[in-house]
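Visitor: sequence-free structure coming up:
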């Protein structure tokens with residue numbers, strides 16, 4: 001009589017519990033669409049911060065600069081703004097991420113719409 005659960009079952013259960021853990025914490029986040037209008041009173045220390053920065057341009061490639069202290073590469077066009085925000089608001093734990101999404105801009109004079117998404121844990 002063999003056990004059908006085996007390694008595949010263990011992997012499945014591990015993934016299931018990992019996903020459930022993430023879902024339990026998913027409500028504890030703060031979304032920031034503009035640096036200027038961010039209300040800090042609703043965002044507790046340890047909550048996930050998501051910062052969305054939209055940029056319209058005729059170019060889709062950006063030069064990135066290293067921010068070695070936080071192990072992060074930041075687009076040069078927003079380097080000072082993002083660096084200052086990270087220093088003042090993000091925990092220095094290595095979980096800071098910056099993603100770039102670029103699409104063609106169908107509405108407007110600029111050819112591309114790029115969205116930078118910064119995520120980190122609030123200090």
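Guide: All right, it came through fine. Remember, predicted model here, so these are calculated numbers, not experimental data.
Visitor: what secondary structure does residue 86 sit in?
Guide: When classified by DSSP: H, G, I helix; E, B strand; the rest coil, residue 86 comes out as helix.
Visitor: from what I see, it and residue 70 are in contact.
Guide: Yes - counting by CB atoms under 8 Å, residue 86 does reach residue 70; the two are 5.7 Å apart. Any C-beta I mention is one placed from the backbone N, CA and C, and that applies to glycine too.
Visitor: those two - which one has more neighbours?
Guide: Using other CB atoms under 10 Å as the criterion, residue 86 and residue 70 rank with residue 86 on top: 23 against 19.
Visitor: contact partners for the more buried one?
Guide: By CB atoms under 8 Å, 6 or more residues apart in numbering, residue 86 lies in contact with 67, 70, 72, 96, 118, 120.
Visitor: closest to residue 53 out of those?
Guide: Using CB to CB, residue 118 is the member of these that sits closest to residue 53, with 7.3 Å.
Visitor: now that closest one: closest residue in space, sequence neighbours ignored.
Guide: Nearest non-adjacent residue to residue 118, counting by CB to CB, 6 or more residues apart in numbering: residue 51, 4.1 Å away.
Visitor: what strand or helix carries the one you found?
Guide: strand 48-57 (DSSP states H and E).
Visitor: also residue 83?
Guide: Element membership for residue 83, per DSSP H and E: helix 79-89.
Visitor: pull out the buried positions in that helix.
Guide: 79, 82, 83, 85, 86, 89 (16 or more other CB atoms under 10 Å).
Visitor: go through the residues you listed and name the one nearest residue 46.
Guide: Nearest to residue 46 out of these is residue 89 (CB to CB; 12.2 Å).
Visitor: ok, that closest one - contacts?
Guide: By CB under 8 Å, 6+ apart, the contact list for residue 89 reads 49, 120, 122, 123.
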